[in-house]
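> how would this look folded up:
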Amino acid sequence: MTRHSPSKKHSYIHLSINPPCADALKLRKSMQDGLAETFGITAAGTYLDILWIAESGSEVVIRLSLEDAPKLTAAVVITPASPRFSMIKQTNFLPSILSKERFT
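Numbering: from 1, shown residues only. Here you go, the predicted structure:
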């Protein structure tokens, strides 16, 4: 039996949001604006999926390609636009975002 390692095409980023915002379109627009401001208009077209938004709007999990993750991380953290994003965790394995300390 051959064992295959999981494909590592995507990066998952868990961000906190301040002030809280549960509107997926507004969050995506803020991220795209940050990318455009930091890396130019071409970077604003970066494909990303919003996988989860907390009911309170205080956290979000997004998926994007491995190549684009460093750009998005830099753009959302340094952009002064509202809402502000702060990195909680970045990983290539989605289940690892669910850390034990959050549920104990």
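> ok, and what's touching the longest helix along the chain?
In terms of residue count, the longest helix belonging to the chain (DSSP state H) is helix 24-39. Among residues not part of helix 24-39, those counted as contacts by Cβ atoms under 8 Å, 6 or more residues apart in numbering are 17, 21, 43-46, 48, 50, 53, 60, 62, 71-72, 74-76, 78-79, 81-83, 85. Just so you know, the C-beta spots here come from the backbone N, C-alpha and C atoms, and that holds for glycine as well.
> where in this structure is pLDDT low?
In the predicted model of the chain, residues 1-7, 99-104 satisfy pLDDT under 70.
> let me see the ranges of the strands in this structure.
Here the chain has its strands, by DSSP state E, at 10-18, 48-53, 59-65, 84-91.
> mean neighbour count and distance to residue 26 for these - can I get that in a markdown table?
Shown next, in a markdown table, are the strands of the chain (neighbours: other Cβ atoms under 10 Å; distance: least, Cβ to Cβ, whole Å):
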| stretch | mean neighbour count | distance to residue 26 |
| --- | --- | --- |
| strand 10-18 | 20 | 10 |
| strand 48-53 | 15 | 10 |
| strand 59-65 | 19 | 11 |
| strand 84-91 | 15 | 12 |
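> can I get the ones you listed in CSV including distance to residue 39?
As requested, the strands of the chain are exported to CSV (distance: least, Cβ to Cβ, whole Å):
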stretch, distance to residue 39
strand 10-18, 16
strand 48-53, 14
strand 59-65, 14
strand 84-91, 16
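> ok, residue 14 - contacts?
Counting by Cβ under 8 Å, 6+ apart, residue 14 touches 59-61, 87-90, 97.
> residue 37 versus that one, what's the distance?
The gap separating residue 14 from residue 37 is 22 Å, by Cβ to Cβ, to the nearest Å.
> do the same with residue 19
For residue 19, the distance to residue 37 (Cβ to Cβ) stands at 20 Å.
> check residue 47 too.
Residue 47 sits 18 Å away from residue 37, going by Cβ to Cβ.
> out of the two, which sits in the busier spot?
When neighbours are counted by other Cβ atoms under 10 Å, residue 47 and residue 37 differ, and residue 37 comes out ahead with 16 against 8.
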